[in-house]
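A.B. asks: here's a sequence, model it:
(one chain, ligands or ions: 1)
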Amino acid sequence: MFFDENNKRYNLFSVYLKKKYNTKVYKVTLDAGFSCPNRDGTLSSKGCIFCDESGSFSQAHSNLLDIETQLEVGIDTLKKRFKACKFLSYFQAYSNTYKPYNELKLLYDKALKPEDVIGLSIGTRPDCVDDNKLDLIASYSENKEVWLEFGLQSIHDKTLKLINRGHNYDCFLKSYSKAKERNINVCVHIILGLMNETYDDMILTAKTLSDLSIDGIKIHMLCILKDSPLEKIYKQNKFKLLSDDEYASLVCDILEILPSHTTIHRMAGNGLNKLLIEPKWIQKKFETLNKIDRILKERNTYQGFYFR
Ligand code: SF4
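C.D. replies: This next block holds a predicted model:
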């Protein structure tokens, strides 16, 4: 079963957007100066052990230009480079619902203002949303493409504690249910290769999310980043990281049990992170993606193959 004209055996988010809007949609990543309760001392000041100072922001730092300017620069660059004509405003850095309601509304309104912006994607923690904020996000869904991205990483509380997430699985489940009651599209982030997790633990995370019938998923490999708490832990005790082959095979196992409608937002690193210590192989994004394609072809399976 193929999901697009390139014979991909999984349901890429980019393809879902292209089919819906009749053109490729480009994400403009934004840094709106949010913080995170796991870094500002509210829950902890250390952050998740894998988090670097940028709070998972993939671009060069924005120097906190205002949202209008960030969008203008981002859109202009994408138009020139790719002849892009549709965009999704992506609030990526830190926890992008961690401000009072009125400030959020102002920011989201600004992010939706340019006429070529078709919607919003908002990355956050499950403990940083409440009914009012979810109502606000849902209010945009009527006319716009709206996605809420929850960092979960694992369904196992022992792991969440170990990586200092500051919330448990139940917290995710409650926020997830409230978002779904409001028909908000939810993309869930998970990390593979967390140091205490077995193969069965990781598969159980994927199986549980599959049972929830999630709308989207981002699959990450655990990375050791310079100046993250994990760097120190790793240097003291070099625990085993997944190899590229192990990771690619595991991603295929996960794709096979996810429902076919779940959109795949990411399953290989962006390879640009200057802070990366290990594993170096994640810098070869296309090699990882090719491996995943090859394994699914050899198995003659596809996303949803084992979904029940
Ligand atoms: S929730 Fe996100 S921004 Fe906050 S510490 Fe964890 S990874 Fe970093």
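A.B. asks: could I get the contacting residues of residue 153?
C.D. replies: Neighbour list for residue 153: 48, 159, 160, 163, 165, 189, 190, 191, 194 [criterion: C-beta atoms under 8 Å, 6 or more residues apart in numbering]. The way it works is simple: take the backbone N, C-alpha and C, and place the C-beta from them, glycine included.
A.B. asks: which ones among those residues map onto helices?
C.D. replies: Of the positions in the contacts of residue 153, 159, 160 sit in helices, assigned by DSSP state H.
A.B. asks: am I right that residue 217 is in a strand?
C.D. replies: Yes. Checked against DSSP: H, G, I helix; E, B strand; the rest coil, residue 217 lies within a strand.
A.B. asks: re the thing from before, quick check, nearest of the contacts of residue 153 to the ligand?
C.D. replies: Using C-beta to the nearest ligand atom, residue 48 is the member of these that lies nearest the ligand, at 3.3 Å.
A.B. asks: SS state for whatever residue of the stretch 151-300 of the chain ends up closest to the ligand?
C.D. replies: Distances between the stretch 151-300 of the chain and the ligand by C-beta to the nearest ligand atom are smallest at residue 151, namely 5.5 Å. What three-state DSSP gives for residue 151 is strand.
A.B. asks: what's the neighbour count on it?
C.D. replies: When neighbours are counted by other C-beta atoms under 10 Å, residue 151 registers 24.
A.B. asks: where's it relative to residue 231, distance?
C.D. replies: For residue 151, the distance to residue 231 (C-beta to C-beta, to the nearest Å) stands at 20 Å.
A.B. asks: what does the stretch 1-150 of the chain have sitting close to the ligand?
C.D. replies: Within the stretch 1-150 of the chain, the positions lying close to the ligand (C-beta under 6 Å from any ligand atom) are 36, 38, 39, 47, 48, 51, 55, 56, 94, 95, 125.
A.B. asks: 8 Å instead?
C.D. replies: Within the stretch 1-150 of the chain, the positions lying close to the ligand (C-beta under 8 Å from any ligand atom) are 36-39, 47-48, 50-52, 55-56, 93-95, 125.
A.B. asks: and the stretch 151-300 of the chain, by the same measure?
C.D. replies: Contacts of the stretch 151-300 of the chain with the ligand, taken as C-beta under 8 Å from any ligand atom, map to 151, 164, 165, 166.
A.B. asks: most neighbours among those residues, which one?
C.D. replies: Among these, residue 165 has the most neighbours (other C-beta under 10 Å), with 26 neighbours.
A.B. asks: hang on, isn't that one packed against residue 46?
C.D. replies: No. With contact defined as C-beta atoms under 8 Å, residue 165 does not reach residue 46; the gap is 11.2 Å.
A.B. asks: ranges for the strands of the stretch 1-150 of the chain?
C.D. replies: With DSSP state E, counting those that start in this stretch, the ranges of strands along the stretch 1-150 of the chain come out as 25-30, 86-91, 117-124, 145-153.
A.B. asks: these: which one's closest to residue 80?
C.D. replies: Nearest to residue 80, of all the strands of the stretch 1-150 of the chain, is strand 25-30, at 11.9 Å by C-beta to C-beta.
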